[in-house]
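Student: Take this sequence and fold it.
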Amino acid sequence: MENYLEINKTSWNAKVDTHVKSDFYFVDEFLKGRNSLNSIELDLLGDVKGKSILHLQCHFGQDSISLSRLGAKVTGVDLSDKAIETARDLTKQCETDTQFICSDVYDLPNVLDEKFDIVYTSYGTVGWLPDLEKWANVIHHFLKPGGKFIMAEFHPVIWMFDDDFNEVKYNYFNEKPIVETNEGTYAEKNADLVLNNITWNHPLSEVLQNLIKKGLSIENFQEFDWSPYPCFNQVEEFEKGKWRIKQFGNKIPMVYALTAHKKSS
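Tutor: Numbering: from 1, shown residues only. Predicted structure coming up:
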């Protein structure tokens with residue numbers, strides 16, 4: 001859909017103020033030093049001290065700043081100019097040197113001339129992109145030889161269901177754009193927001209094959225029967241910081257994570 005960028009940018013701009021004030025994003029605690037990264041991605045990232053990291057679809061920058069606090073040189077990128085403005089303000093308050101760029105993922109090679117040790121993306125990102133071949137091209141473009149791509153993402157099985165997980169509503173495969181009008185936001189379900197969104201479901205094969213086609217070597221792939229975020233309806237916390245859909249328990253995957261390497265030469 002030709003105008004999906006404009007529609008989704010408007011939606012994400014509208015969410016920023018609500019998200020910053022929400023308990024979901026714990027900004028007050030974050031400013032005092034709390035790290036926003038989860039065990040899933042931290043285990044894959046390892047020691048990032050001294051590493052250059054490109055963080056795609058960074059929202060208002062908490063994970064980017066958290067990576068800076070761990071000693072990395074970080075550039076965060078997001079479509080939303082409101083989110084990037086907020087991220088720049090946040091990094092000043094946190095006194096980190098995190099850099100932020102407002103750009104569509106696909107257009108990023110036209111506005112950023114740099115290569116990185118790590119390209120990173122996480123949680124609710126690829127569903128906003130219609131073409132994962134173009135996405136994989138961008139990742140390959142920005143990785144240094146020998147660099148690695150690290151991704152943690154909600155499992156595509158989750159996106160098959162209606163909001164209350166009562167029935168299978170959507171195709172697992174990338175059949176067509178999903179055009180919706182949603183009230184509230186995952187971080188504040190009762191927020192006075194009515195937002196139009198255009199998203200795409202991407203099966204695991206589409207993610208993995210496009211990375212492989214670009215010559216990236218998949219070195220680690222994991223699936224998890226829990227989410228580190230209570231961003232869905234009908235969730236229960238079965239262990240501190242771990243949520244599952246009540247009626248499904250541990251029967252479905254909720255998150256996947258991977259590491260892929262670019263060849264050294």
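Student: Between the two ends of stretch 121-128, how far is it?
Tutor: By C-alpha to C-alpha, to the nearest Å, the extent of stretch 121-128 from end to end equals 12 Å.
Student: Stretch 27-45 now?
Tutor: The distance separating the two terminal residues of stretch 27-45, taken as C-alpha to C-alpha, comes to 23 Å.
Student: now stretch 205-225
Tutor: Using C-alpha to C-alpha, the end-to-end distance of stretch 205-225 comes to 19 Å.
Student: Run through who's touching that stretch.
Tutor: Residues from elsewhere that reach stretch 205-225, judged by C-beta atoms under 8 Å, 6 or more residues apart in numbering: 40, 44, 126, 132-133, 135-137, 139-140, 148-149, 151, 153, 155, 174, 244, 250-263. All C-beta spots, glycine's among them, are computed from the backbone N, C-alpha and C.
Student: which of those residues count as buried?
Tutor: Applying a neighbour-count criterion of 16 or more other C-beta atoms under 10 Å, the buried members of the contacts of stretch 205-225 are 40, 44, 126, 132, 135-137, 139-140, 148-149, 151, 153, 155, 174, 244, 252-262.
Student: In strands, which of the residues you listed appear?
Tutor: 148, 149, 151, 153, 244, 255, 256, 257, 258, 259, 260, 261 (DSSP state E).
Student: Tell me the one of these nearest residue 199?
Tutor: Taking C-beta to C-beta as the measure, residue 199 lies nearest residue 153 of those, at 13.0 Å.
Student: How about the backbone phi and psi for residue 214?
Tutor: Dihedral angles of residue 214 (phi, psi; degrees, to the nearest 10) stand at phi -80, psi 0.
Student: Which pLDDT value goes with it?
Tutor: Residue 214 is assigned 97 on the pLDDT scale.
Student: Any idea how many residues pack against it?
Tutor: Residue 214 sits with 19 neighbouring residues when counted by other C-beta atoms under 10 Å.
Student: Then residue 166?
Tutor: The tally of other residues near residue 166 (other C-beta under 10 Å) stands at 11.
Student: so how far is residue 160 from it?
Tutor: According to C-beta to C-beta, to the nearest Å, residue 166 and residue 160 sit 12 Å apart.
Student: wait, residue 111 sits on residue 101?
Tutor: Yes. Residue 111 sits in contact with residue 101 when judged by C-beta atoms under 8 Å, with a separation of 6.5 Å.
Student: the more surrounded of those two?
Tutor: residue 101 (15 against 11).
Student: Where does that one sit: helix, strand or coil?
Tutor: For residue 101, the reduced secondary structure class is strand; criterion used: DSSP: H, G, I helix; E, B strand; the rest coil.
Student: looking at it, it is touching residue 80, isn't it?
Tutor: No. With contacts defined as C-beta under 8 Å, residue 101 does not count as touching residue 80, sitting 11.7 Å away.
Student: Chain neighbours aside, what residue packs nearest to residue 86?
Tutor: residue 60 (4.2 Å; C-beta to C-beta, 6 or more residues apart in numbering).
Student: tally of neighbours for the one you found?
Tutor: By other C-beta under 10 Å, the residues close to residue 60 number 28.
Student: Quick check: which element contains residue 77?
Tutor: strand 73-78 (DSSP states H and E).
Student: my guess is residue 212 is in a helix, correct?
Tutor: Yes. Residue assignment for residue 212, taken from three-state DSSP, places it within a helix.
Student: picking that back up, so which elements touch the strand holding residue 77?
Tutor: Counting by 3 or more C-beta pairs under 8 Å, 6 or more residues apart in numbering; DSSP states H and E, the packing neighbours recorded for strand 73-78 are strand 52-56, helix 62-69, helix 81-94, strand 99-102.
Student: give me the element residue 121 is part of.
Tutor: Assessed by DSSP H and E, residue 121 sits inside strand 116-122.
Student: Contacts for that strand, please.
Tutor: 41, 45, 48, 51-57, 63, 67, 72, 75, 139, 142-144, 147-153.
Student: Just the buried residues out of those residues, in PyMOL syntax.
Tutor: Selection of buried members from these for PyMOL, criterion 16+ other C-beta under 10 Å:
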select buried, resi 41+45+48+51+52+53+54+55+56+57+63+67+72+75+139+142+143+147+148+149+150+151+152+153
